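Visitor: below are the sequence and a predicted model for it; my questions follow.
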Amino acid sequence: MEFAIRSTLAKLDIEIVDLEGASCCPDPIYFKSKDKVAWLTVAARNLTLAEDLGLDIFTNCSGCTATLSETYHLLQDEELRGRVNQRLARIDREYRGTSRVRHIATLVRDEVGYDAVRETIKRPLEGLKVAIHYGCHLLKPSRIMQVDNPDDPQVLERLIEALGATPVRHENWHLCCGKACDSDEIPNQMMHDLLATVHKEKADVLGMICPTCFGQFDHGQMKIAKLFDEDFHTPPIYYFQLLAFAQGVPYEKLGFERQRFKPVALQRYEEVAAEC
Amino acid sequence: MDTDGNNQIVRVDFAFKRELARKVEGNLANFCYQCGACVGDCPATRYSPAFNPREIMLKVLYGLEDELLGERNVLWQCTNCYTCHERCPQEVKPVEVIISLKNMLADRGLAPPAADKVIQTFMTYGRTVPDNPAINKQRAKFGLQPLTAVPMDEIRTLLEPEVESGGES
């Protein structure tokens, strides 16, 4: 995924500056559940690294974006900001709230635009059916994330159309991947119902913008198929893998061999390109 | 009436509610008027009726510590999808109240092993997934630089508990 991101953003004229000394965001589920003030403090430290450089910060994971966006939002409260800054003072840092937080999908939408993405495509993916999975944290809570309408989002559909492919909103598109739920029964049933409506659409791949969801739909899909004796087999694909492929990066370079379900439907576009 | 519909007087436990209110966003449940908007689209409720955000908020309003902070707690069934945050007309943010309750469970040593494991890994490596030679070997195959070190002395210093100053310890 990281290779795909670095390859695609360069072609979209976005320069990536790596943050030296950054830690995990940290994760918005268990770390936050254990101690929300510690969670805010670690996240604020990461934000100060971007502030030092005078840059905005983007992440390629919806959960990371949620942690950093919520921190930005909550630390507008002066009392809480003071409390977090007291901790940051121990390492001579101060959070100021000067760097904006963005998810990579909105970065591309807002700074590059769908038409400019389309102009970088070497292999239009005409006829490729891409089922859509937004996941939860890119969109909700919308008052904080400010990305799109969570009941009728457009960003992923439009990004996929820019590749020439056809987005498919399956019936249970709004369900969650279940990764953050500490139970077996709920995520298993939920994944089953979600994958059942993906399967019904006979999509070539299941497109998404969150690496955590990706894991759930790769090895998780195999587990669910076995558990419920179902023939679920829609390969998950991270949007920037798909974009890289459409921009001409060879199929073998995108790490698909490491996936349980491989998006072999893409190979037909390589053959078409080779014949031209 | 208690939450099971029995005709008993429930005493509101204000000490519990004060402890909850000291947590970040722990006091929001006071605005809950029990409309149930949080329940309709809750995926955890759909698959496990034992988890019901409206009932959890009612118990918070009463301050029913024993029912909310027991072992093997239903609160961990929350999928953290934030739909209740989206739906609530009173800006109670039920998911955040539930997270504050989880912070109280953690204070009492009742966090599930999955949470403890994530914290432990973070305290050691500064990452949720530890960096190791195998990861950097994979990265090299894709022409990616090795992962950079996280200054763990800084992280550990930040995670030292706060000194008591009238706030939470």
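Guide: In hand now; what should we look at?
Visitor: drop to CA atoms for contacts and neighbour counts, all remaining ones
Guide: Fine.
Visitor: roughly how far does the residue most central in space within chain B sit from B:Leu28?
Guide: The centroid of chain B falls nearest to B:Ile99 when counting by Cα atoms, centre = their mean (2.2 Å). Distance of B:Ile99 to B:Leu28, given as Cα to Cα, to the nearest Å: 12 Å.
Visitor: and if you look at A:Phe232?
Guide: 42 Å.
Visitor: related to what we said a few turns ago, the residue nearest to the centre of chain B contacts A:Lys32, doesn't it?
Guide: Yes: the pair B:Ile99 / A:Lys32 is scored as a contact, 7.3 Å apart, by Cα atoms under 8 Å.
Visitor: okay, now the residue in the stretch 151-276 of chain A positioned nearest to chain B: neighbour count?
Guide: Relative to chain B, the nearest point of the stretch 151-276 of chain A is A:Cys181 (4.4 Å; Cα to the nearest Cα). Neighbour count of A:Cys181, defined by other Cα atoms under 10 Å in any protein chain shown: 20.
Visitor: can you name the residues that contact it?
Guide: A:187, B:76-80 (Cα atoms under 8 Å, 6 or more residues apart in numbering or on different chains).
Visitor: again, only using 10 Å
Guide: Taking Cα atoms under 10 Å, 6 or more residues apart in numbering or on different chains, we find A:Cys181 in contact with A:29, A:187, B:44, B:75-81.
Visitor: please pick the buried ones from the residues you listed.
Guide: Buried residues within the contacts of A:Cys181, counting neighbours by 16 or more other Cα atoms under 10 Å in any protein chain shown: A:29, A:187, B:44, B:75-81.
Visitor: all helices in the chain, in order from the N-terminus.
Guide: No chain specified, so I'll use chain A. In chain A, the segments counted as helices under DSSP state H are A:2-11, A:30-34, A:36-53, A:62-74, A:78-89, A:104-107, A:114-119, A:142-145, A:155-161, A:185-200, A:211-227, A:239-246, A:267-275.
Visitor: think we crossed wires, I meant chain B
Guide: Under DSSP H, chain B gives helices at B:14-21, B:37-40, B:43-47, B:53-62, B:65-68, B:83-87, B:94-107, B:113-125, B:133-141, B:152-159.
Visitor: same for the fifth one, what does it pack against?
Guide: Here helix B:65-68 is seen to pack against helix B:14-21, helix B:53-62, helix B:94-107 when contacts are counted using 3 or more Cα pairs under 10 Å, 6 or more residues apart in numbering or on different chains; DSSP states H and E.
Visitor: mind doing that once more with 7 Å?
Guide: Here helix B:65-68 touches no other helix or strand, going by 3 or more Cα pairs under 7 Å, 6 or more residues apart in numbering or on different chains; DSSP states H and E.
Visitor: run through who's touching that helix.
Guide: B:Phe16 (Cα atoms under 7 Å, 6 or more residues apart in numbering or on different chains).
Visitor: make it 8 Å
Guide: Taking Cα under 8 Å, 6+ apart as the rule, helix B:65-68 contacts B:13, B:16, B:56, B:59-60, B:101.
Visitor: lowest-confidence entry in those?
Guide: Lowest in pLDDT among these is B:Asp13, which has 92.
Visitor: burial count for the closest residue to A:Glu51 other than its chain neighbours?
Guide: Ranked by Cα to Cα, 6 or more residues apart in numbering or on different chains and with sequence neighbours excluded, the top spatial neighbour of A:Glu51 is A:Ser99, at 5.6 Å. A:Ser99 has 20 neighbours, counted by other Cα under 10 Å.
Visitor: pretty sure A:Ser99 contacts A:Ala50?
Guide: Yes: at 6.6 Å, A:Ser99 counts as touching A:Ala50 under the criterion of Cα under 8 Å.
Visitor: so what sits against both of the two?
Guide: A:56-57.
Visitor: how near is the nearest residue to B:Asn136 once chain neighbours are set aside to chain A?
Guide: In this structure, B:Asn136 finds its nearest non-sequential neighbour in B:Pro146, 5.2 Å apart by Cα to Cα, 6+ apart. In this view, B:Pro146 and chain A are 12 Å apart by Cα to the nearest Cα, to the nearest Å.
Visitor: B:Pro146: neighbouring residues, count only.
Guide: 15.
Visitor: contact partners for it?
Guide: B:136, B:139-140.
Visitor: for B:Arg156, see how far away B:Met123 is.
Guide: 7 Å.
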